[in-house]
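Colleague: Generate coordinates for the sequence data below:
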Amino acid sequence: MHWRINLEASPYLSEDLLIEILARLPVQSLLRLRSVCKSWKSMIGSPEFRSLHLSTNRHSSKILLTAHERGQIRFGTPKERHFLLNNDENLPSDPSCLTPFDVPFQYPDWTSHQIVGSINGLICISQSQTFFPDPDDDPANVPIVLWNPTIQRCVFLPDPTFSLEHNVSIEIGYAATTDDYKIVVVRKVGETTALEFHIYSLNSNAWRGGFEMCPPAARVSNEDRRIFHSTGAFLGGKMHWLVRNEHEIEGGYYEMKECMDTLYTFDVADEVFAEVGLPEEVMAHYTVRYAVPHVAVVGDLLHVVHIVRKHLTIWVKMEDAGSCDVYWKKLYRVDHVSAMFVCFLKNGELLMDKYPTCPTTGPVGQGHGPLAAYDPRDGKFKDLEPLSLSQQRDFGIVDSRNHQQSLVLLDRT
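Modeller: Residues are numbered from 1 along each chain as shown. Below is the predicted model:
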């Protein structure tokens, strides 16, 4: 790539060196530097520089934490609170490492927003999945938004031709070959258990669908509100989700289910779903109520975090350099973990949501106490006072997504 840049303000720097320096600056500094001259404004706003800035700073992301209101699935309108966490190598203990993150968009009284994905600084926001007390409250009229909070630019998507009803999963991905951001919506087909998907392209600003999922994913029962049982993880041009196949177990005092987790991918450029085998231990049958799977990206590797009861196992997806065969390597297995997984930290520790503790009996039930750093190498927790999230006392599960500053949407008015 090559730009013609006015070097009058920096006569002692070569053009290539100046571009390299600018690519390492934070977005807010670049926004101010656009006023230096026309050539700088043109260069900073170009797709080539935007991509260079992303690749140069891709490991400087923060963690976007979302605390969900307790009982949101069963007892009314969901609410969420968001926080940005500085994911430094040595997580600081001062309150400045955690800052509130507000979403400025307004939603009707009978619903609220949810952050469904973040990629390259672009956040995808949709309405929350909820029960609609009034049949006249049509969820299809609430727009999905693509928002870059760093530069305060957003795109309101056109209304989809399908309803964003209860059983939907939404994720955002990026096709590098066409420099296009795409949103994938997977939903149930009417009252059946079959699934179809729809695609929005930012380049065309239009929806396409509904396409039958091939291979077909796990069938979703009418009682199940979730299609994918993990937030999406984007790596290598593909989205990754954990899908759960489940069926009833006959007999027993309690109604139980057996299940098997499967990893599904979606190639954003080719728009094709595929199934990826998981470790046999993860795919083994176990009761649904005690199993909590997660999929996450750490560096350039895909990880699966598997929690059954209080046993935590971390797997990483590897590829043989010679044969290109894919296999899973077990990194850790830790027993008696009284917490729920939230995300990986840069220093190799895990951010965990600790179970509430009784002074006499120990951990009580499942979350949600203070957040803490957990080192799987020695099995020790480190309480992080700024992450106690005092506001979280009225909230339940905490989930996370990586988020970095970027210039995406800068060319949009």
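
Colleague: All the helices of the stretch 201-350 of the chain, in order from the start?
Modeller: Along the stretch 201-350 of the chain, the stretches classed as helices by DSSP state H, counting those that start in this stretch are 280-283.

Colleague: ok, the closest residue in space to Tyr200 that isn't next to it in sequence - contacts?
Modeller: Spatial nearest neighbour of Tyr200, excluding adjacent residues (C-beta to C-beta, 6 or more residues apart in numbering): Ile183 at 4.2 Å. All C-beta atoms are positioned from the backbone trio N, CA, C, and that covers glycine. Contacts for Ile183 (C-beta atoms under 8 Å, 6 or more residues apart in numbering) come out as 124, 144, 146, 157, 170-173, 199-200.

Colleague: again, 7 Å this time
Modeller: 124, 144, 170, 172, 200 (C-beta atoms under 7 Å, 6 or more residues apart in numbering).

Colleague: and it, what pLDDT?
Modeller: Per-residue pLDDT puts Ile183 at 94.

Colleague: hang on, it is in a strand, isn't it?
Modeller: Yes. Counting by DSSP: H, G, I helix; E, B strand; the rest coil, Ile183 is located in a strand.

Colleague: Quick check: bridge partners of it?
Modeller: As for beta bridges, Ile183 partners with Ile172, Tyr200 under DSSP bridges.

Colleague: rewinding a little: need the contacts of Ile183 in TSV (columns: distance to Asp353 and neighbour count).
Modeller: TSV is the format used below for these (distance: C-beta to C-beta, whole Å; neighbours: other C-beta atoms under 10 Å):
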residue	distance to Asp353	neighbour count
Cys124	24	23
Ile144	28	22
Ile170	23	23
Ile172	24	24
Tyr200	32	23
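
Colleague: who's in contact with the closest residue to Val272 other than its chain neighbours?
Modeller: Using C-beta to C-beta, 6+ apart and skipping the chain neighbours, the partner closest in space to Val272 is Phe266 (7.3 Å). Contacts here follow C-beta under 7 Å, 6+ apart; on that basis Phe266 touches 184, 238-239, 273.

Colleague: Try it again at 6 Å.
Modeller: 184, 239, 273 (C-beta atoms under 6 Å, 6 or more residues apart in numbering).

Colleague: who's it bridged to?
Modeller: Met239, Phe273.

Colleague: count of neighbours near Leu33?
Modeller: Residues contacting Leu33 under the criterion other C-beta atoms under 10 Å number 16.

Colleague: hmm, back to that, now flag whichever of the contacts of Ile183 is closest to Asn57.
Modeller: Proximity of these to Asn57 (C-beta to C-beta) peaks at Ile172, which lies at 19.1 Å.

Colleague: Was I right to think the closest one contacts Ile119?
Modeller: Yes. At 5.4 Å, Ile172 counts as touching Ile119 under the criterion of C-beta atoms under 6 Å.

Colleague: need the helices for the stretch 1-150 of the chain, in chain order.
Modeller: Counting by DSSP H, counting those that start in this stretch, the helices of the stretch 1-150 of the chain are 15-23, 27-33, 38-44, 47-56.

Colleague: Which neighbouring elements make contact with the last one?
Modeller: By that I understand helix 47-56. Counting contacts by 3 or more C-beta pairs under 6 Å, 6 or more residues apart in numbering; DSSP states H and E, helix 47-56 is packed against helix 15-23.

Colleague: The stretch 151-300 of the chain: strands as residue ranges?
Modeller: In the stretch 151-300 of the chain, the strands defined using DSSP state E, counting those that start in this stretch lie at 153-156, 168-175, 180-188, 195-201, 206-212, 233-235, 238-249, 256-267, 272-276, 286-287, 291-298.
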